[in-house]
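J.: Have a look; sequence and predicted model below, questions after that.
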Amino acid sequence: MTLQERSDLILNFARVLHVNGQSTDETVAAAKRLGKDLDLRVSIIPRWGELQLQARDGASSLVSVGAADPTGVDMDRVASAMRAVDDVGDGRLKPPAVVEAIRAISHAPPAPTWLFTLAAAAGAAALSVLFGVQHLRAVALVIASAGVGAVQYELSPTAALRGATRWRHWRAGGAL
């Protein structure tokens with residue numbers, strides 16, 4: 001693989017982590033680890049809306065910038081990408097196959113609505129009990145309202161834009 005191809009691979013890998021909720025430190029560390037496995041010295045500079053990659057291979061160097069808005073959370077994608085980089089390090093996945101793996105991971109569908117609804121209802125029920133709700137009817141109401149709210153949130157036409165809008169509003173000094 002050329003320097004450009006390896007740099008693009010690392011940048012795409014870092015983008016998958018960054019936009020799907022991985023911490024900045026973990027994203028940078030994983031990108032460096034993948035770079036080392038691909039015989040590159042890399043530095044990632046994450047910013048809101050972009051990632052900058054500086055790659056060096058002996059005397060050659062390259063700087064790449066890619067768009068990356070971290071507006072969602074999909075920890076399944078993060079876990080899959082981290083497994084892929086571990087597989088590269090262990091020799092189970094060769095660099096040409098990593099390109100396809102990262103592409104497949106970045107296009108993986110999100111968790112189904114029913115699972116999100118179930119998780120929201122279970123979490124709300126657990127929190128209600130932790131905060132002192134003692135009557136079964138009250139817990140049932142909490143479960144029902146959390147489930148309805150989760151479905152409404154998931155089916156909203158603007159669900160994908162909510163995170164970015166809230167962040168931009170907060171950065172501009174507005175209050176939610």
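T.: Perfect, thanks for sending it. This is a predicted model, so every value here is computed, not measured.
J.: So which bits of the longest helix seen in the chain are buried?
T.: Criterion DSSP state H: the longest helix present in the chain is helix 136-155. Going by neighbour count (16 or more other C-beta atoms under 10 Å), the buried part of helix 136-155 is 139, 142-143, 146-147, 150-151, 154. Every residue, glycine included, has its C-beta placed from N, CA and C.
J.: so who does the residue most central in space within the chain touch?
T.: Nearest residue to the geometric centre of the chain (C-alpha atoms, centre = their mean): residue 20, 1.3 Å. Going by C-beta atoms under 8 Å, 6 or more residues apart in numbering, residue 20 touches 70, 72-75, 77-78, 81.
J.: go again using 6 Å as the cut-off
T.: When contacts are counted by C-beta atoms under 6 Å, 6 or more residues apart in numbering, residue 20 touches 74, 77-78.
J.: Can you tell me how far the residue sitting furthest away from the middle of the chain is from residue 147?
T.: Residue farthest from the centre of the chain, counting by C-alpha atoms, centre = their mean, is residue 135 at 37.9 Å. Separation of residue 135 from residue 147 (C-beta to C-beta, to the nearest Å) stands at 18 Å.
J.: Ok, residue 132 next?
T.: Between residue 132 and residue 147 the computed distance is 21 Å (C-beta to C-beta).
J.: Equivalent analysis for residue 66, please.
T.: For residue 66, the distance to residue 147 - C-beta to C-beta - is 38 Å.
J.: And for residue 52?
T.: In this view, residue 52 and residue 147 are 42 Å apart by C-beta to C-beta.
J.: Ok, residue 59 next?
T.: In terms of C-beta to C-beta, residue 59 sits 59 Å off from residue 147.
J.: now residue 139
T.: 12 Å.
J.: for residue 16, same thing?
T.: Taking C-beta to C-beta as the measure, residue 16 and residue 147 are separated by 30 Å.
J.: got it, and residue 58?
T.: Here residue 58 is placed at a distance of 57 Å from residue 147 (C-beta to C-beta).
J.: Repeat that for residue 131.
T.: If you go by C-beta to C-beta, the gap between residue 131 and residue 147 works out to 18 Å.
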